[in-house]
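# Sequence and predicted structure below; questions after.
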Amino acid sequence: ELERDLPHDLPLEEALSDALRQSPHWARGRALLAALCEAFVPQNRSCAAYQARIALRLNPKDEVALVVAASIEAKKMPVVFDCNCEDPSLQLVPHSNLGVAPYWYRMPEAAEAAKKTRAALRDRVVALLRRAMDVSFRGEIRAALAAQLGTAPEALELWREAVTQAPESRALLNRAIHHMESLGLAREAKELAAGAVKRGLWSHPDQRPHLFWPALPFNPFPGPELDSRLPRAAAAFAARLEELQTELLRAKIPYTAHSSPCPVGANCTEVLPGLFPRTVRYAGFWETGLIIGRDKPCSAQIPLTCRAIKEILETEGFTVIAATISTVFGPRSSIEPHASAVQGRLRLHCPVALPDGASILEVAGNPQRRHQEGECFWFDESVQHKATYSSVNNLPRTLLMIDIAHPALEDMSGEPTMVTDPFTSRYWHTFFPANPSKPLYASSPLEEEWLQHAQNWTRSPWVFCTKMKAKMLDQWLDGVEASLAKEHPAIFSLFWERSSNTLQWIEPLAGALRHPAAFCESYWRRVPEPLRWKKSFQEHQGDPGHKGGSLDMSLDYLFLSNAAWADKGRRLLFDAGANAFNTSLGWLADAYRKNGIIFDHLWGWEVNPPPTYCVPTEWISRLSFSTEPVVATQGVPNNPVHLMEQLCSPEDFCVFKLDIDEPRIERELVAQILRPGGLAERGVLDEFFWEDHFAFERYGLYGGEGEIQDTYQVLLALRKQGIRAHAWP
């Protein structure tokens, strides 16, 4: 149901029963499933609501079930949009999204109906949270109830209780401060922020990030006192603004965020739904478009701007995280104080179009900073700030904004401190630590299931093939074929490259750690299957490029790196167990070439090579080959790990394939990769292929040692160290 790919004849109950039975807390399992449905399949509201109802029937006093049910109800609330419009016929600010904006202030009946719906849902949410509060002392539950109660006197007392019970939660403290300010309790909000600063949670009451580095200075407008490169880069960009202006204004950058339209001359308020409703106050209209970031390379529409970013910022050694175009419309626009929840980034403001008005950035306790033509400046967006713009002739103002990793982090070894409540702690994709050299790894839902159940599910071929065949094959193979695409099915796991803020996909650890259809051909052929699956079986019969022609030896399931992810120095390939060149060594070289990666040098080991070892001419000068047996003895040339330690650096792209049919030696080599100070810790091994010979006799694989579950855990450990580790067939 979550993937929307279960066979129609397989009920949700059946598909999830195994997972739910693993936990004695059935209600908790159902509640977490409801939360997953609500978060990842928002268009299928029945999935979340159904699972939440089941959870509460199983245990009406489970705190997580009650909170999840409340969250699902809160998300159903309509957006409340209001403004101080005396004349409802006021003209709207011109913008590009008129067709989707909520014009409730122009339709009194719709506005009234929306408010009634919101009130009814709020009553249900409050009732659920009160029940949760009766069985739990968690501060987060009291905080959610306080946020829902609005101006009720009880809200302030609940916020105080919540902060007392969860004093280290920065997310909760920020919610309390914002809500108190919205209720007009400015003094209480300031006291709360000041108390958090005294306890060391923040260094300044106007800089309240969820991700906090205590050693970073409070400096809203950093300059040479922080890093001499900052003013140099700002001046270099300012000098090229005239060159970039025409390109940026003509480019058709799709807008990724915008405000609801606020009538000219009015101040508007928008309340966004959720367990913790968010109130946004503004005037006018603004919209932004992403040109770099979130796995988006620099737009081809703006080559001059892309070149400037690379030549100025990257040459200075800055790590570029994102770049956006922001347009604010006249005659008057403003956004009330707001800030980023993530410390550790600086933003460069460069005016592209500043026709005739005043564009001002205000920071509490600091002089106003005006945008001036031909001038760029740096700003720390984690500081509370207000933006205002006024135009005499009703013309828009456009800014180029570029985010970089805070340069002070280069000299720091600590991680940020973060404590969040368990219901809103999804921050891994905005986590910028001091050492961004290793990517973060996230298992897909499919991989999570197999990590937990691999040992049990592979005991019976019937169970094994049932779990592997649920319309997953097409998604998997089509996703590998489209390896250069930007989006992939949710069955794929992923790495997040923190330094460049990009995502890398990889096939999940699942099944027999081979092709997803391996060992199931005969079972599936007895059942009518889609033509795509039958074609898949026929394609690989007798194909020498697939290690013997059977699916259990096919390589089609592997999701390799592409050139965008391997944009480094030298590209080096090491193959222990190379056999003939046209098998693994040649296959890897050709497969990477298709993805835009051509290796500078190849190393191969094969103790029993064929009598005639044919090598294509292009590789002869770039191949080093040994017929000596591979050993795990440290410090000798025939130990591939030792050789890579000598040759590979973090600036290189290094790939290692290990399959010498010697389980003991192979596992010792893998242990050397993972040891302290080894290849994994140093971040010099990028991609790794390994066939671990575990016991799998029931599927016709003999002579193995150990259990499949152990192999899963070793491959997972390698991936968590930032290595793209694959199971080799």
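Sure, I can see it. Numbering: from 1, shown residues only.

# C-alpha from now on. contacts and neighbour counts both.
Fine.

# What segments of the stretch 151-300 of the chain are helices?
For the stretch 151-300 of the chain, helices defined by DSSP state H, counting those that start in this stretch occupy the ranges 153-165, 170-182, 186-198, 229-239, 241-250.

# can you pull the buried residues of the fourth one?
Using 16 or more other CA atoms under 10 Å as the test for burial, helix 229-239 gives Leu230, Pro231, Arg232, Ala233, Ala234, Ala236, Phe237, Ala238.

# which one of the helices of the stretch 151-300 of the chain has the most crowded surroundings?
helix 170-182 (a mean of 21; mean count of other CA atoms under 10 Å).

# Glu336 versus Ala194, what's the distance?
21 Å (CA to CA, to the nearest Å).

# Just the local confidence number for Thr711, please.
pLDDT, the model's per-residue confidence, is 91 for Thr711.

# list the buried ones in the helix or strand hosting it?
Thr711 belongs to helix 708-720 when assigned by DSSP states H and E. Across helix 708-720, burial judged by 16+ other CA under 10 Å covers Ile708, Gln709, Thr711, Tyr712, Val714, Leu715, Leu716, Leu718, Arg719, Lys720.

# which among the buried residues of helix 229-239 gets closest to Leu313?
Nearest to Leu313 among these is Ala233, at 6.4 Å by CA to CA.

# Can you give me the distance of that closest one to Glu242?
Ala233 sits 16 Å away from Glu242, going by CA to CA.

# ranges for the strands of the stretch 201-350 of the chain?
Per DSSP state E, counting those that start in this stretch, the stretch 201-350 of the chain carries strands over the ranges 255-258, 268-272, 278-283, 286-292, 320-328, 332-338, 345-353.

# Need these in TSV (columns: mean neighbour count, distance to Cys47 and mean pLDDT).
Listed next are the strands of the stretch 201-350 of the chain as TSV, based on neighbours: other CA atoms under 10 Å; distance: least, CA to CA, whole Å; pLDDT from 0 to 100:
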stretch	mean neighbour count	distance to Cys47	mean pLDDT
strand 255-258	14	28	70
strand 268-272	17	22	78
strand 278-283	19	25	81
strand 286-292	22	32	85
strand 320-328	22	35	89
strand 332-338	20	34	86
strand 345-353	23	38	92
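
# And these: which comes nearest Phe81?
The stretch from these with the least distance to Phe81 (CA to CA) is strand 268-272; that distance is 4.5 Å.

# So what's the gap between the closest one and the chain middle?
The offset between the C-alpha centroid of strand 268-272 and the centroid of the whole chain comes to 28 Å, using CA atoms, centre = their mean, to the nearest Å.

# So for stretch 368-387, first residue to last residue, what's the gap.
End-to-end distance for stretch 368-387, by CA to CA: 10 Å.

# could you pull out the strands for the stretch 351-500 of the chain?
Across the stretch 351-500 of the chain, reading from the start of the chain, the strands by DSSP E, counting those that start in this stretch fall at 358-363, 369-370, 377-379, 385-390, 397-405, 440-442, 493-497.

# Now distance to Pro676 and mean neighbour count too, for these, in TSV please.
As requested, the strands of the stretch 351-500 of the chain are exported to TSV (distance: least, CA to CA, whole Å; neighbours: other CA atoms under 10 Å):
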stretch	distance to Pro676	mean neighbour count
strand 358-363	46	17
strand 369-370	49	16
strand 377-379	39	22
strand 385-390	44	20
strand 397-405	28	23
strand 440-442	18	20
strand 493-497	22	22
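
# Save the ones you listed as JSON lines, and put in mean pLDDT and distance to Lys190 too.
Rendered in JSON lines, the data for the strands of the stretch 351-500 of the chain read as follows (pLDDT from 0 to 100; distance: least, CA to CA, whole Å):
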{"stretch": "strand 358-363", "mean pLDDT": "88", "distance to Lys190": "15"}
{"stretch": "strand 369-370", "mean pLDDT": "90", "distance to Lys190": "24"}
{"stretch": "strand 377-379", "mean pLDDT": "94", "distance to Lys190": "23"}
{"stretch": "strand 385-390", "mean pLDDT": "90", "distance to Lys190": "16"}
{"stretch": "strand 397-405", "mean pLDDT": "91", "distance to Lys190": "29"}
{"stretch": "strand 440-442", "mean pLDDT": "77", "distance to Lys190": "36"}
{"stretch": "strand 493-497", "mean pLDDT": "77", "distance to Lys190": "37"}
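
# out of those strands, nearest to Ala266?
Each of those was scored for nearness to Ala266 using CA to CA, and the closest is strand 385-390 (13.3 Å).

# packing partners for that closest one?
strand 332-338, strand 358-363 (3 or more CA pairs under 8 Å, 6 or more residues apart in numbering; DSSP states H and E).

# With distance to Ala580 as extra columns, can I get the strands of the stretch 351-500 of the chain in a markdown table?
Supplementary listing: those in a markdown table, determined by distance: least, CA to CA, whole Å:
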| stretch | distance to Ala580 |
| --- | --- |
| strand 358-363 | 66 |
| strand 369-370 | 67 |
| strand 377-379 | 57 |
| strand 385-390 | 64 |
| strand 397-405 | 46 |
| strand 440-442 | 34 |
| strand 493-497 | 32 |
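
# Just checking, which helix or strand of this protein averages the lowest pLDDT?
Among the helical and strand segments of the chain, the one scoring lowest on mean pLDDT, DSSP states H and E is helix 531-539, with a mean of 36.

# Would you mind identifying the next helix or strand past that one?
With DSSP H and E, the next secondary element past helix 531-539 is strand 571-576.

# What pairs with that following strand, parallel or antiparallel?
Using DSSP bridges, the strands paired with strand 571-576 are strand 601-605 (parallel), strand 653-658 (parallel).

# ranking these by burial, who's on top?
Ranked by mean neighbours (mean count of other CA under 10 Å), the strands paired with strand 571-576 are led by strand 653-658, with a mean of 23.

# what does it rub up against?
566-577, 648, 666, 684-691 (CA atoms under 8 Å, 6 or more residues apart in numbering).
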